[in-house]
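Enquirer: kindly generate the corresponding structure for this input.
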Amino acid sequence: MDDDRETVRRILTELGDTWAVVGLSSNRGRAAYGVAEVLQRFGKRIVPVHPKAETVLGEQGYASLADIPFDVDVVDVFVRSELAGQVADEAVAAGARAVWFQLGVIDEAARERTRAAGLAMVMDRCPAIEIPRLDPARG
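Expert: Numbers count the residues shown, from 1 in each chain. A predicted model of the protein is given here:
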């Protein structure tokens, strides 16, 4: 996992600013909502992906990654580990450049498939924790 820190930095600074947040709803009490707010504060465009397809934080939501009519750079995954591998596969199919599994979301086989497909991948990390470390002035 020595390459994780470099992968985190690359995803946050080089691989694009459009983040599909899978599991993001308008429920302000959920972790996905707070993380999406932090991503926006750091200049990322968030795209809510949730079966309800509701607008969240001013951004139109979509029921699935396949429904998004434009390219996304990073897919941030807020679903249970047993569902995360399918989301990672959908991210590959959608042409994303990176997949980010949130804290507690772990699927080693999905990480291997995603990296084998050429995407950057981090697992069991939180961008809302990592991004201020890269740019403390904006935190």
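Enquirer: my read is Thr7 is in a strand, agree?
Expert: No - counting by DSSP: H, G, I helix; E, B strand; the rest coil, Thr7 is located in no strand; its state is helix.
Enquirer: would you mind measuring from it to Ala120?
Expert: 5 Å (C-beta to C-beta, to the nearest Å). Just so you know, the C-beta spots here come from the backbone N, C-alpha and C atoms, and that holds for glycine as well.
Enquirer: also Tyr33?
Expert: Distance, Tyr33 to Ala120, using C-beta to C-beta: 24 Å.
Enquirer: what do you get for Val38?
Expert: To Ala120, Val38 is 20 Å away according to C-beta to C-beta.
Enquirer: then Thr55?
Expert: Distance from Thr55 to Ala120, by C-beta to C-beta: 28 Å.
Enquirer: who's more crowded, those two?
Expert: Ala120 (21 against 11; other C-beta atoms under 10 Å).
Enquirer: phi and psi next, for the residue nearest to the more buried one when sequence neighbours are not counted.
Expert: Computed as C-beta to C-beta, 6 or more residues apart in numbering, the closest residue to Ala120 that is not its neighbour in sequence is Ala98, at 4.0 Å. Ala98 adopts backbone torsions of phi -160, psi 160, taken as degrees, to the nearest 10.
Enquirer: list the contacts for Ala98?
Expert: Residues in contact with Ala98 (C-beta atoms under 8 Å, 6 or more residues apart in numbering) are Arg10, Ile11, Leu15, Gly16, Asp73, Val74, Val75, Leu119, Ala120, Met121, Val122.
Enquirer: alright, I will stop here.
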